[in-house]
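Peer 1: quick one: sequence plus predicted model below, questions after.
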6 protein chains.
Amino acid sequence: MLNFERSYERTPDQLRPVIFERGFTRYAEGSVLVSFGETRVLCNASVEENVPPFMRGEGRGWVTAEYSMLPRATQTRSPREAARGKIGGRTHEIQRLIGRSLRAVVDLEGLGERTIKIDCDVLQADGGTRTASITGAYVALHDALSGLLEKGLIERMPIIESVAAVSVGVVVGVPLLDLDYQEDFQAQVDMNFVITSSGRFVEVQGTAEEEPFTAEELDALRDLAMKGCADLTSLQQRALEA
Amino acid sequence: MLNFERSYERTPDQLRPVIFERGFTRYAEGSVLVSFGETRVLCNASVEENVPPFMRGEGRGWVTAEYSMLPRATQTRSPREAARGKIGGRTHEIQRLIGRSLRAVVDLEGLGERTIKIDCDVLQADGGTRTASITGAYVALHDALSGLLEKGLIERMPIIESVAAVSVGVVVGVPLLDLDYQEDFQAQVDMNFVITSSGRFVEVQGTAEEEPFTAEELDALRDLAMKGCADLTSLQQRALEA
Amino acid sequence: MLNFERSYERTPDQLRPVIFERGFTRYAEGSVLVSFGETRVLCNASVEENVPPFMRGEGRGWVTAEYSMLPRATQTRSPREAARGKIGGRTHEIQRLIGRSLRAVVDLEGLGERTIKIDCDVLQADGGTRTASITGAYVALHDALSGLLEKGLIERMPIIESVAAVSVGVVVGVPLLDLDYQEDFQAQVDMNFVITSSGRFVEVQGTAEEEPFTAEELDALRDLAMKGCADLTSLQQRALEA
Amino acid sequence: MLNFERSYERTPDQLRPVIFERGFTRYAEGSVLVSFGETRVLCNASVEENVPPFMRGEGRGWVTAEYSMLPRATQTRSPREAARGKIGGRTHEIQRLIGRSLRAVVDLEGLGERTIKIDCDVLQADGGTRTASITGAYVALHDALSGLLEKGLIERMPIIESVAAVSVGVVVGVPLLDLDYQEDFQAQVDMNFVITSSGRFVEVQGTAEEEPFTAEELDALRDLAMKGCADLTSLQQRALEA
Amino acid sequence: MLNFERSYERTPDQLRPVIFERGFTRYAEGSVLVSFGETRVLCNASVEENVPPFMRGEGRGWVTAEYSMLPRATQTRSPREAARGKIGGRTHEIQRLIGRSLRAVVDLEGLGERTIKIDCDVLQADGGTRTASITGAYVALHDALSGLLEKGLIERMPIIESVAAVSVGVVVGVPLLDLDYQEDFQAQVDMNFVITSSGRFVEVQGTAEEEPFTAEELDALRDLAMKGCADLTSLQQRALEA
Amino acid sequence: MLNFERSYERTPDQLRPVIFERGFTRYAEGSVLVSFGETRVLCNASVEENVPPFMRGEGRGWVTAEYSMLPRATQTRSPREAARGKIGGRTHEIQRLIGRSLRAVVDLEGLGERTIKIDCDVLQADGGTRTASITGAYVALHDALSGLLEKGLIERMPIIESVAAVSVGVVVGVPLLDLDYQEDFQAQVDMNFVITSSGRFVEVQGTAEEEPFTAEELDALRDLAMKGCADLTSLQQRALEA
């Protein structure tokens, strides 16, 4: 049993309130402000009519992502990466993860020789910014691709299935879904799962924060994540139908 | 006479609709999303209990600013400065301008040995991002200082008077107030004024885009800017009283 | 059934020949050249009598790692990161992973206020460089700590249990242990596991290279990895007793 | 009335002695050492037979500038920007200003697809380095263009009118022309004007150093600057006729 | 007379034991681990089928080198240059020296439009790393060129003669050949000579560490170096015949 | 015999006209514009009342140098190192050489815990910029130290003897002293010597540009350099007495 109250009075297997605000900015081909509770990420998808040099002439497209936190997205201000003149290791890890996750569900041949660049800018961070980014980026990507379809630039949606991501963790011995910052801070184990709408895995990342975890804990967390991503898949679906 | 229609059906001496959303994010001591029409800038003021090394022990505070555009704030995506590994000349110019403008109206002794850092992140850009940043940053700064006052960390508001900024320019021969991107693009002359509530100048910056301008044009633009900043001062006042 | 022959005529659940050459260089407090088949990584552990600034005065130690490939460790030469002036995302990811993996089995309080820095330099790369690095780094770390113990700088070994790492993947439908470059290149799924001698997980990282994988595949790969890390644990043990 | 003596026993509306040494170095197409009193800037104009990538094929030329201070141009040595690995904000601002000022009086079509690069290197700094740079750069530019004309590479001088720049400011309440470092240091208001030979404005930049300034002060400073630039225009003319 | 014992009980004009391990790694076209006593450098020669942009179309090849020390090649760990984001002055000097030394004995026309890049990575440093690098790099280069010859990509070996390098110095008044770290540390004069098999000089570099040296000392050091390089030439010859 | 005419109708063992303009700028503690024919270098010596961190508390001083070429010192413009964001290998080599050369003749203990920084900025380059820099820097250093002596900050001149530098080379078979750019460009061998007033060597650097050189050529060049430095020593002496 949990000996503390979760934000939004959630049970261990419940997501925070998840909201997708499509069309949040006006210039991006897809622009979604996604909220997982107090975590808010602006996901802007841009279409560029070319691919990186190493892919030219192959007839395939590319999907890539950049991730950044506004300096005051967090409780205390963090220095701006542009001011420090380089991108940190954590940022690199996250933006590579977002890119891989999206590419796993896109038919790159169907996309044609163009690049979709997704900028995930965290306006407010309360845990789970990378999973919110992936989940919101999928919706922004879908909007950008719908635009290409409407303009007749592609013949059909080059999306194989949808993808969502969620964090899970063990806090004071209890496996929890969708950790907020307070929970994340106390977690013994912290995992992120990226799962498609068919219930298959794109990425699994787990880290023992304090001490190593057992195969049983791994199973429990995997099940929670599958449940959470199924819920997110429905919410994405609903948002895209709105 | 103007031979084109201004956005929002404005007369030459009218501002775009200006909105201040205070408390836009929850962690910053002052957080204001300011809109000048479609230009939207998130101004977050952070309080740090120290000053830069060169000022230590002098009993005075400091106010500084950083400015950035989200990559897709604009019609076409711009590369992220963090990714390019350095801050461009334009960004440098603007963040120095914002810092100087705010320091001109702050009693740095009254602030004590602390720094207020204002992050101005442009979510959407439709002309006038630097003037919107200064105008919104003043409100965020005021909120951050009010917080210090409430906590008893300072005894009275270390603000001498308020400050606002506006762009003016000559478009197809007509002096206009608060140019949007379309107008800015066509302007022969482009000026930015930073003016206090007592009608005095903190900064004057004018550039002939196409051909040099006359002393008469300079006078006309100055008068428009004084009118515009007086309007902004009232709007700031109203927002802070809300 | 496998329709190709594995290097060293291995069965799907067999490691490549693993060799630890202790004392490979003479100055480092621990120096191990580890080979996983043709993958060869020089792991040098250095003891520094201080900790990073953010940890000073807390009485705890730190373990961190840096990772690099010699330009010609690979089939075609890669540019040197020092020459490009920055460390790439992949390098960042790997060196953070190595550091976390080792810290998970070290009693940082028992280490005292000192830092063990492990440099993992890949001399030759044939797949699995990050897992070889972790596995070899553990032996180098052990040697460095033994040195501290012998000099009386610490009272007992600040190691909780041992740690090893292995890659697993699905190649043409068959789950395989310890992929070489050729196998890695063709893998549909690629996972890395970091597992302690008690069979618990420190890190789990899985990526669908081509298409998402099922819960069954995840289970099969986890079991293979547990088998492989148990084998590596024995080999580390034997090397340390030599 | 002034309660201190100005350098060179100047009245408030007098320039410092201004000298142009043409042909100061032998390789640059235009090479002018300009002195405004003790401020000495070497302005070298180089002709390059191409334009930046974004302008290729448009049949127009480009004029750009770089600005730098020798480390010991000032009373105390400043670190070299090359050693710090980046160009500071102030340098960026100034070199953009010089470039814009010169482009305003050049017929870029008449120049053809070539670039004139002006390097302004401050050998000694006693206030007004940016205005001396612009004023000297114009002469160097003129010399470089005369060379093109003599070689028959262009048919006529692609210069619309001449341009000069001067600083003005309010010191202990008195508006002064062409401030030296000592005056600049004490100024309440500091402005720079770039004005053409026809008395029109290319750039106006004013900053309240201590407290905001009034519309009356703005007018007085503008008049001083127009007088000063008219004087500089004559001196440039005379130097070019020498 | 020497009042201390040299490592390996050497006389003043004796080299340390020199070993060339050819084929140390498997992917490089030439791969030599060279040891001068405890100094060990991995020299990998890579063939690239192009030349730097400034040489294209001239029908000539290029030979260049990069040099780096592993962080723990030395008694105390040095920060990694990639982590510091730039290559230091000493590294620049050495890699330029290695490149020039090799180019002096290569017939660049005979090489054709290809580049040989030699990576010299110091695994262990005990003095003389740059001279060991040059001496080992020559052997790696020879192996890479032999490979081109065998594949029929070139018609004959584009090597004019062989080249070797050695350090000499004056320690407590005595001129010594091939200084180890302990001797180098105490040397009053430190010189490096790069000499071809015909006994001619490619590079001469001498530095007075403590006080200037006389013409007589210069002569004595030169003679020692000629003797040492002749010995190295024989050893290279023998290694290549093995 | 020479089959071409040297600049200034020089014989093979003659220097170009050498001029020292002391006090060229007004703020540096020593400021010398040195000319070796058309090569002109501004050498500014700055006194700083501290030493680098690694030397603090040892009671000794430090002498260091920075070297840079103005972009248009040369026949064609070179990009500014500050703009490229890093200092090139050649610059590193030269500034390290200048620093070592000056330290060799300074009594660092006698200097006390202060740093003399010499900035050598090449205004015009016609060959021999590094040797002109060393030769001029010595005079600037002397002036800066004389200033310290006059102010009573040191008790006696901490200079052991004077130092000068010159380039020598073999051009179309003839050994020449003090090469200008045209000669340097054609030289088969290019050497730089740094020699003290007592005729002893501080630095010897020789590079075979085209083909290796013999021991006889080395001797001839050494003799020329000793003659040239003796001449420079007299000229420095005379300049300092002026």
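Peer 2: Yep, it's here. Numbers count the residues shown, from 1 in each chain, chains lettered A, B, ... in the order given.
Peer 1: residues near the closest residue to A:Ser162 other than its chain neighbours, how many?
Peer 2: Across the structure, with C-beta to C-beta, 6 or more residues apart in numbering or on different chains as the measure, the residue nearest A:Ser162 apart from its sequence neighbours is A:Ser197 (4.4 Å). In this view, the C-beta of every residue, glycine as well, is placed from N, C-alpha and C. The burial count assigned to A:Ser197 is 20, neighbours taken as other C-beta atoms under 10 Å in any protein chain shown.
Peer 1: so A:Ser197 sits right up against A:Ile159, yeah?
Peer 2: No - with contact defined as C-beta atoms under 8 Å, A:Ser197 does not count as touching A:Ile159 (10.1 Å).
Peer 1: correct me, but A:Leu97 touches A:Val204?
Peer 2: No - counting by C-beta under 8 Å, A:Leu97 stays clear of A:Val204, with 11.1 Å between them.
Peer 1: shared neighbours, these two?
Peer 2: For the pair A:Leu97 and A:Val204, residues contacting each of them under the criterion C-beta atoms under 8 Å, 6 or more residues apart in numbering or on different chains are A:Asn192, A:Val194.
Peer 1: hang on, A:Thr233 in a helix?
Peer 2: Yes - counting by DSSP: H, G, I helix; E, B strand; the rest coil, A:Thr233 falls inside a helix.
Peer 1: how much space separates it from A:Tyr27?
Peer 2: From A:Thr233 over to A:Tyr27 the distance is 28 Å, taken as C-beta to C-beta, to the nearest Å.
Peer 1: what does A:Val171 give?
Peer 2: As defined by C-beta to C-beta, A:Val171 lies at a distance of 41 Å from A:Tyr27.
Peer 1: A:Gly152: neighbour count?
Peer 2: By other C-beta under 10 Å, 7 other residues sit near A:Gly152.
Peer 1: can you pull the contacts of it?
Peer 2: Taking C-beta under 8 Å, 6+ apart as the test, A:Gly152 contacts no residue whatsoever.
Peer 1: not counting its neighbours along the chain, what's nearest the residue of chain A most remote from its centre?
Peer 2: No residue in chain A sits farther from the centre than A:Gly57, which is 30.1 Å out by C-alpha atoms, centre = their mean. Nearest residue to A:Gly57 in three dimensions, chain neighbours excluded: A:Glu113, at 8.0 Å (C-beta to C-beta, 6+ apart).
Peer 1: which part of chain A gets nearest to chain E, residue-wise?
Peer 2: Nearest residue of chain A to chain E, counting by C-beta to the nearest C-beta: A:Lys86, 7.2 Å away.
Peer 1: hang on, that residue in a strand?
Peer 2: No - for A:Lys86, which was evaluated using three-state DSSP, the result is coil, with no strand membership.
Peer 1: what is the neighbour count of it?
Peer 2: 17.
Peer 1: tell me the contacts of it?
Peer 2: A:Lys86 neighbours (C-beta under 8 Å, 6+ apart): B:Ala82, B:Gly85, C:Lys86, E:Gly85.
Peer 1: residue in chain A nearest to chain D?
Peer 2: When C-beta to the nearest C-beta is the measure, chain A has its nearest residue to chain D at A:Gly85, with 7.3 Å between them.
Peer 1: contacting residues around the residue nearest to that residue when sequence neighbours are not counted?
Peer 2: In space, not counting the residues next to it along the chain, A:Gly85 is nearest to B:Gly85; the distance is 5.3 Å by C-beta to C-beta, 6+ apart. Under the criterion of C-beta under 8 Å, 6+ apart, the contact list for B:Gly85 reads A:Gly85, A:Lys86, C:Lys86.
Peer 1: next, B:Gly85: phi, psi?
Peer 2: The phi/psi pair for B:Gly85 (degrees, to the nearest 10) reads phi 80, psi 0.
Peer 1: check A:Glu9 too.
Peer 2: Backbone dihedrals for A:Glu9, given as degrees, to the nearest 10, come out at phi 50, psi 40.
Peer 1: what about chain A, any weak spots by pLDDT?
Peer 2: Scanning chain A for pLDDT under 70 picks out A:1-2.
Peer 1: now A:Val194: phi and psi?
Peer 2: phi -120, psi 120.
Peer 1: dump the residue contacts of it.
Peer 2: With the criterion set at C-beta under 8 Å, 6+ apart, A:Val194 makes contact with A:97, A:101, A:104, A:131, A:134, A:163-165, A:201-204, A:229.
Peer 1: same thing with A:Gln75?
Peer 2: B:Tyr27 are the contacts of A:Gln75 under C-beta under 8 Å, 6+ apart.
Peer 1: the most centrally placed residue in chain A in helix, strand or coil?
Peer 2: For chain A, the residue sitting closest to the mean C-alpha position, by C-alpha atoms, centre = their mean, is A:Ile134 at 1.6 Å. Of the three states, A:Ile134 takes helix under three-state DSSP.
Peer 1: with adjacent residues omitted, what lies nearest to it?
Peer 2: Counting by C-beta to C-beta, 6+ apart, A:Ile134 lies nearest to A:Ala165, which is 3.9 Å off, once chain neighbours are set aside.
Peer 1: quick one: the helices in chain A?
Peer 2: Ranges of helices in chain A, per DSSP state H, are A:81-84, A:89-103, A:108-111, A:129-150, A:181-186, A:215-241.
Peer 1: of all these, which gets the most neighbours per residue?
Peer 2: Of these, the one with the most neighbours on average (mean count of other C-beta atoms under 10 Å in any protein chain shown) is helix A:129-150, at a mean of 24.
Peer 1: kindly export that one (C-alpha atoms) in PDB.
Peer 2: Backbone C-alpha positions of helix A:129-150 (Å, rounded to 0.1, in the frame of the first residue of the first chain) are rendered in PDB as follows:
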ATOM      1  CA  THR A 129       9.300  15.400 -19.700                       C
ATOM      2  CA  ARG A 130      10.800  12.900 -22.200                       C
ATOM      3  CA  THR A 131       7.700  10.600 -22.200                       C
ATOM      4  CA  ALA A 132       5.400  13.600 -22.500                       C
ATOM      5  CA  SER A 133       7.600  14.800 -25.400                       C
ATOM      6  CA  ILE A 134       7.300  11.600 -27.300                       C
ATOM      7  CA  THR A 135       3.600  11.300 -26.700                       C
ATOM      8  CA  GLY A 136       2.900  14.900 -27.700                       C
ATOM      9  CA  ALA A 137       5.400  14.800 -30.600                       C
ATOM     10  CA  TYR A 138       3.400  11.900 -32.100                       C
ATOM     11  CA  VAL A 139       0.300  14.100 -32.300                       C
ATOM     12  CA  ALA A 140       2.300  17.000 -33.800                       C
ATOM     13  CA  LEU A 141       3.800  14.700 -36.300                       C
ATOM     14  CA  HIS A 142       0.400  13.300 -37.200                       C
ATOM     15  CA  ASP A 143      -0.900  16.900 -37.800                       C
ATOM     16  CA  ALA A 144       2.100  17.700 -40.000                       C
ATOM     17  CA  LEU A 145       1.700  14.600 -42.100                       C
ATOM     18  CA  SER A 146      -2.100  15.300 -42.400                       C
ATOM     19  CA  GLY A 147      -1.100  18.600 -43.800                       C
ATOM     20  CA  LEU A 148       1.100  17.000 -46.400                       C
ATOM     21  CA  LEU A 149      -1.700  14.600 -47.300                       C
ATOM     22  CA  GLU A 150      -4.200  17.500 -47.700                       C
END
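Peer 1: many thanks, I have nothing further to ask.
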